[in-house]
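In: 3D, please:
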Amino acid sequence: MEKSIAIIGFMGVGKTTVGSLLSEKLNRTFIDVDKEIERYHDMKIRDMFTAYGEKMFRDEEKKFISYYAKQPGTILSLGGGAFLQEEIKDVCMAQCHVVFLDISWEIWKSRIDELMEDRPVLRNKTTEEIRQLFEERKSVYRDHHERFLTDGYTEGQVADVIIERLSLT
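Out: Numbers count the residues shown, from 1 in each chain. Predicted structure coming up:
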């Protein structure tokens with residue numbers, strides 16, 4: 001069975017959409033890790049952050065990703081902060097094809113308004129603070145097997161290029 005594909009990148013870059021398209025095109029199971037955590041706890045991530053704090057969420061994230069990364073032939077969409085945890089990074093790098101979806105600040109900035117409500121990490125931050133987080137996270141994503149700059153591409157085009165680059169046709 002094929003290695004799983006783990007899609008990483010900053011929040012709002014399109015990991016879930018691209019992952020879903022890859023799953024359709026490759027006939028593989030798609031797992032949005034954040035959605036799985038929400039389903040398991042019957043609670044939105046923003047509410048988990050409020051009620052239990054970021055540490056509880058990060059512990060759950062590590063548990064779920066460690067499990068799913070070892071399942072062959074799946075497509076995983078990881079939360080934007082998942083690779084902050086070395087354990088998650090290590091298991092994904094060893095068990096999966098890790099694909100980093102990159103985006104320029106200018107393109108991403110145009111999505112801020114639609115992302116603010118559901119992203120607890122962005123709450124109460126200025127645009128400059130968000131940009132600093134955006135730039136800091138770039139170094140978190142430096143470990144990957146494949147990088148794709150999504151600027152100017154549709155999600156379908158990104159999925160097709162990933163399939164081609166990973167020789168999965």
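In: The spatially most central residue of the chain and His144, how far apart?
Out: Centroid-nearest residue in the chain, with Cα atoms, centre = their mean: Leu78, separated by 3.2 Å. The spacing between Leu78 and His144, counted by Cβ to Cβ, to the nearest Å, is 11 Å. C-beta here means a position set from N, CA and C on the backbone, and glycine is covered the same way.
In: so what sits against both of these two?
Out: Ile8 (Cβ atoms under 8 Å, 6 or more residues apart in numbering).
In: Pull up the gap between the closest residue to Lys70 other than its chain neighbours and Tyr67, please.
Out: Distances taken as Cβ to Cβ, 6 or more residues apart in numbering put Gln95 closest to Lys70, at 5.5 Å, once the chain neighbours are dropped. Distance, Gln95 to Tyr67, by Cβ to Cβ: 11 Å.
In: So those two - more neighbours on which side?
Out: A side-by-side neighbour count of Gln95 and Tyr67, using other Cβ atoms under 10 Å, places Gln95 first with 19 against 13.
In: Looks like that one contacts Ala69 (just checking).
Out: Yes - in this structure Gln95 lies within contact range of Ala69 using Cβ atoms under 8 Å: 4.5 Å.
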